[in-house]
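In: Give me a model of this one.
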Amino acid sequence: MSDALLAGPFGDERARAAAAVALDAVTEEPIDIEAITRGNRKQTAIARFPTRGPVVVQVATEAAWLRTEATLLRAIRERTFVPVPPVLTAGTHEGVAYMLTAYVAGGDLHAAFAAVDSETRRDLARWFGRALARLHDAFAFDTFGRLELGESGFTASQPDWEAWFEAYGSRAIDRLPAAFDDIADELRDLLAEPPDSEPTPRLFPWDFRPGNALVVDGSVTAVLDWEAPLAAPPALSIAKAEYLVADWYVDDPAPLRAGFRAGYESVRAMPAVAPAHRAVAIAASAVDSAGRVTNPRYPPVDREAAVAFHREALASVLATD
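Out: Numbering: from 1, shown residues only. Predicted coordinates:
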């Protein structure tokens, strides 16, 4: 495969080599490789061919994370109805992990979610609730934290729920910019007494939101970006998904929250979601892994408005505690 064809999306020589190994699974030579921005820990591109459909190639120097993601995608397809891209091949080349998946057609739900009518939006929120509940049913673990692929399957490293929750929540609060300093101590106080009593860890797809979904005619065709999955109590996962599905896009999130919860409860019982769950979920959503304040709404608001949005959400949680 021509180095020139891979040079744009994969400028690093090791990354290009791993991408070339991944694309060897396709017998046809690509005619175009287009870089796409998705995720902060891996390089991603779409490869197009003369006579067959396109594929998505991803490479990452954090080999364990991409290997875990590839295995998780296969397991989600086997155990649930949640649509994820089929994995065509995955492996490691010279210390760089690669994964090749089928390309799934669909429009960006992030752009469409604010534009569709309220009934369709509530149906989609219901779908996200139902999908998250099915993921919780299908994936239970013994410990908390970052999931990695071991000899016996997925494992996490922290057996102590209280210690993991305090560490996860503290990191999220510590990442908040200076504009949150006046409420930071109150937020940390919520971590002093974790709200669950020995909860069962479930799959926590921490970026489960419309911005990572593709849609055709109001139906979700794929959910993308499953990198660095976690095992956590379902209430924390629910709180984060509700914030990203309901609060993120509309001024009155109550109907979307109701739809999300109805979808969840159609599959399994809704656990109690405490203020501590909500505060940690919002703080973790407010700043991305690169330290940037995240921008809600579509089109996204500017940084000042985004800070105000997240502050208001956190202040509301503190007011109800």
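
In: Please name the nearest non-neighbouring residue to the residue nearest the centre of the chain.
Out: Geometric centre of the chain, nearest residue: D207, 2.1 Å, by Cα atoms, centre = their mean. Once flanking residues are discounted, D207 sits nearest to D225: 5.5 Å by Cβ to Cβ, 6 or more residues apart in numbering. For every residue, glycine as well, the C-beta is placed using N, CA and C.

In: before we move on, what about A286?
Out: Leaving out its chain neighbours, the residue that sits closest to A286 by Cβ to Cβ, 6+ apart is H310, at 3.9 Å.

In: Same question for A63.
Out: Here the nearest residue to A63 in space, its sequence neighbours aside, is A97; by Cβ to Cβ, 6+ apart that works out to 3.8 Å.

In: in the host helix or strand of the one you found, what counts as buried?
Out: Per DSSP states H and E, A97 falls inside strand 96-102. Within strand 96-102, the residues that count as buried by 16 or more other Cβ atoms under 10 Å are 96-101.

In: next one: stretch 6-24
Out: So for stretch 6-24, counting by 16+ other Cβ under 10 Å, buried means 6, 9-10, 15-23.

In: Could you point out which of those residues is nearest to G106?
Out: If you rank these by distance to G106 using Cβ to Cβ, P9 comes first, at 21.1 Å.

In: mind listing what that closest one touches?
Out: By Cβ atoms under 8 Å, 6 or more residues apart in numbering, P9 lies in contact with 19, 33-35, 43-45.

In: Worst mean pLDDT across the helices and strands of this protein, which element?
Out: Every helix and strand of the chain was ranked by mean pLDDT, DSSP states H and E. The lowest is helix 3-7, at a mean of 77.

In: just checking, next helix/strand downstream of it?
Out: Assigned by DSSP H and E, the successor of helix 3-7 is helix 13-23.

In: So which elements touch that next one?
Out: Counting contacts by 3 or more Cβ pairs under 8 Å, 6 or more residues apart in numbering; DSSP states H and E, helix 13-23 packs against helix 3-7, strand 43-48, strand 55-60, strand 87-93, strand 96-102.

In: who touches the least confident helix or strand of the chain?
Out: 16, 19-20, 30, 32-33.

In: and what of stretch 37-47?
Out: 9-10, 15, 19, 23, 26, 30, 32-36, 54-60, 62, 65-66, 103, 224-225, 227-228, 288-290.

In: what does stretch 63-72 give?
Out: Here stretch 63-72 makes contact (Cβ under 8 Å, 6+ apart) with 41-42, 58-60, 87, 90, 92, 95-99, 147-149, 154, 226-229.

In: can you check stretch 146-155 too?
Out: 64-65, 67-68, 71-72, 139, 141, 143, 156-157, 203, 228-231.

In: which of those tops the neighbour count?
Out: With neighbours defined as other Cβ atoms under 10 Å, the most crowded of these is L203; it has 27 neighbours.

In: And the contacts of stretch 63-72, which of them are buried?
Out: Using 16+ other Cβ under 10 Å, the buried ones in the contacts of stretch 63-72 are 42, 58-60, 87, 90, 92, 96-99, 147-149, 154, 226-229.

In: quick one on the thing from earlier: which of the contacts of P9 lies closest to R278?
Out: Lowest distance from R278 to those (Cβ to Cβ) belongs to T44, with 31.6 Å.

In: Quickly list what the closest one is bridged to.
Out: Per DSSP bridges, the residues bridged to T44 are I36, Q58.

In: Next, count neighbours for it.
Out: When counting by other Cβ under 10 Å, one arrives at 22 neighbours for T44.
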